[in-house]
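Q: could you work out the structure for the sequence below:
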Amino acid sequence: MKFILVVCLCGFFFSQSAAAERADRKKPLHLEADRATVEDVNRKEASRVSVFTGNVILTQGTMRINADKVIMKEDLNGFKQATATGDLVSFRQKRDGLDEYVEGWSQRVEYDSKTDKIELFRQARLKRGSDEVQGDYISYDMSSEFFKVIGSKERGVETGPDKRVRITIQPKDKSE
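A: Have a look, this model is predicted:
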């Protein structure tokens with residue numbers, strides 16, 4: 001029951017109608033790193049896997065992910081799945097039609113261009129303006145701005161520092 005309440009509060013937290021910058025999906029994906037290993041680009045029947053290590057910066061429009069290592073998988077249709085790891089991986093993306101960003105941090109970030117979703121694992125934190133959520137796991141749908149947060153106790157990983165979900169919602173100015 002507490003979990004359902006947390007998910008409902010989280011939905012309220014991001015209930016404004018603006019979503020992530022929609023134009024980002026049509027922009028090219030750029031990767032920078034100290035080293036890269038890229039599989040054969042002429043593959044015919046499987047996805048291609050590329051590994052980027054050392055101060056990796058992945059950008060697509062206003063979306064930016066910084067990590068120590070990124071493993072990128074690209075399927076035959078061009079959809080990409082990236083798994084980013086590091087001491088703390090950071091994620092940032094401009095909200096559509098607003099001068100505001102959504103930012104996140106965790107030890108592992110998984111990005112899926114097909115579903116337009118970001119998942120943050122271990123020491124996960126997501127922030128919009130001065131509102132913030134924290135937990136062991138955060139799933140964030142970039143199209144609808146819906147997210148779900150789970151603490152480590154709920155995930156059965158009681159050793160983590162984020163045993164419970166924490167949410168901070170700042171009071172809104174009535175003129176907004």
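
Q: need the CA coordinates for the helix or strand encompassing residue 92. CSV is fine.
A: Residue 92 belongs to strand 80-94 when assigned by DSSP states H and E. Provided in CSV are the C-alpha atoms of strand 80-94 (Å, rounded to 0.1, in the frame of the first residue of the first chain):
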residue,chain,number,x,y,z
LYS,A,80,19.9,2.1,-29.3
GLN,A,81,20.2,0.8,-25.8
ALA,A,82,23.0,2.3,-23.6
THR,A,83,24.2,1.0,-20.3
ALA,A,84,26.3,3.7,-18.5
THR,A,85,28.2,3.0,-15.3
GLY,A,86,30.5,5.0,-13.1
ASP,A,87,31.1,6.4,-9.6
LEU,A,88,28.0,8.4,-10.3
VAL,A,89,26.5,8.6,-13.8
SER,A,90,24.7,11.9,-14.5
PHE,A,91,21.8,12.5,-16.8
ARG,A,92,20.3,15.8,-17.9
GLN,A,93,17.6,16.8,-20.4
LYS,A,94,15.6,19.9,-21.2
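
Q: give the buried residues for it.
A: For strand 80-94, burial by neighbour count (16 or more other Cβ atoms under 10 Å) applies to 80-86, 88-94. Using the backbone N, CA and C atoms, a C-beta is placed for each residue, glycine as well.

Q: now residue 110: how far from residue 131?
A: 23 Å (Cβ to Cβ, to the nearest Å).

Q: more crowded one of these two?
A: Each of residue 110 and residue 131 has its neighbours counted (other Cβ atoms under 10 Å); residue 110 has more, 18 against 14.

Q: now the most centrally placed residue in the chain. Nearest residue, chain neighbours left out?
A: Centrality entry for the chain: nearest residue to the mean C-alpha point is residue 118, 3.3 Å, by Cα atoms, centre = their mean. The shortest distance from residue 118 to any non-neighbouring residue, by Cβ to Cβ, 6 or more residues apart in numbering, is to residue 140 (4.8 Å).

Q: does the one you found sit in a helix, a strand or a coil?
A: Classification of residue 140 using DSSP: H, G, I helix; E, B strand; the rest coil returns strand.

Q: that one contacts residue 124, correct?
A: No: the pair residue 140 and residue 124 fails to qualify as a contact (Cβ atoms under 8 Å) at a distance of 9.5 Å.

Q: where exactly do the helices run in the protein?
A: 2-13, 152-155 (DSSP state H).

Q: thanks a lot, see you next time.
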